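Participant: when you get a sec, could you give me coordinates for this:
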Amino acid sequence: MDVVDITIDHCRFEIPYNSPEGSNAYVNSCIMLAPKYSNASGITVRNCFLNGGGYTMYATDRDEFKLSDTHIENIRVGGAAFFGALYPTVAEGATISGISSIDSLLVGYVGKEEDRTVFSVTNDTTVERMLRIITDTGIYTETIPASPGGRGLRDVTERLDFPTDILISVPEKVIYALCLDVTYPENVKQIRFVNYGNDPVYLTSEQMYGGMGFCNQIEQFVERMYSTCLGRVADEDGEKYWVDQ
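Facilitator: Residues are numbered from 1 along each chain as shown. Modelled structure (predicted):
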């Protein structure tokens, strides 16, 4: 019986390239499309974050069994693959499109717990990154370790060695929280925004960029934020930026 009509959509996989102690059976991939016992068709993998494996993705025929009508699309790939993002032999019946590298932190969860607000932060890049969290109660900065990558994965023995789902707590229940990756001041990225209140949130340029060493260049960088900010208004406190909700 052939495998048909499988969709993997909006998922995240974090898989170090390693083997259990005493075994040579390495984990090969985040997505392994390589039919071993039957043909496979109507397979779609899309809108996913993938990090790790020997090759992060396979879409290849094996012996007499073939892939058809198979699509891998809109995939963000981290830097932890041992060999590379995609196994080089791709089946004729498979198409690959929209593959890009992960270039910022990921905040997967924000939630209120007792007297605090908790953020789950992942770094799938091989660069140590800086997280800035702006809330109604204050501004918090955290350094997130780099993900091991390439041959460095030889030293990774379990998933806990990945900087994955690191829990960061703000010691108050916040009304709103804006999460920015501020690793590179010239390329600040908005990565998450939550608003538990009923009112729009406006932030000053000093709140968003203060202390980052380039306030004299603020205008050109604010223009880059328009993909994640709805607009800006002026009031008696000066110009403020309207954060996307």
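Participant: which residue ranges form the helices in this protein?
Facilitator: Along the chain, counting by DSSP state H, helices occupy 205-209, 218-224.
Participant: looking at these, which one has the lowest mean pLDDT?
Facilitator: Lowest mean pLDDT of these: helix 218-224, a mean of 42.
Participant: residues near the residue nearest to Ala91 when sequence neighbours are not counted, how many?
Facilitator: Closest residue to Ala91 apart from its sequence neighbours, by CB to CB, 6 or more residues apart in numbering: Leu67 at 4.1 Å. For the C-beta atoms, the positions are set from N, CA and C on the backbone; glycine is no exception. By other CB atoms under 10 Å, the residues close to Leu67 number 23.
Participant: which residues does Leu67 bridge with?
Facilitator: On the basis of DSSP bridges, Leu67 is bridged to Ala40.
Participant: same check, this time on Ile168
Facilitator: Under the criterion used (DSSP bridges), Ile168 bridges to Phe119.
Participant: so who does it touch?
Facilitator: By CB atoms under 8 Å, 6 or more residues apart in numbering, Ile168 lies in contact with Val118, Phe119, Ser120, Val121, Leu131, Ile133, Tyr140, Glu142.
Participant: distance check, the closest residue to Tyr17 other than its chain neighbours against Ile15.
Facilitator: Of all residues not flanking Tyr17 in the chain, Phe82 sits nearest, at 4.2 Å (CB to CB, 6+ apart). Distance, Phe82 to Ile15, using CB to CB, to the nearest Å: 11 Å.
Participant: give me every residue that touches the residue minimising distance to the centre of the chain.
Facilitator: In the chain, the residue lying closest to the centroid (CA atoms, centre = their mean) is Leu106, at 4.1 Å. Counting by CB under 8 Å, 6+ apart, Leu106 touches Arg12, Phe49, Val121, Thr122, Asn123, Asp124, Ile191.
Participant: could you do Lys173 as well?
Facilitator: Lys112, Asp115, Arg116, Thr117.
Participant: and if you look at Phe13?
Facilitator: Counting by CB under 8 Å, 6+ apart, Phe13 has contacts Cys30, Ile31, Cys48, Phe49, Leu50, Asn51, Gly52.
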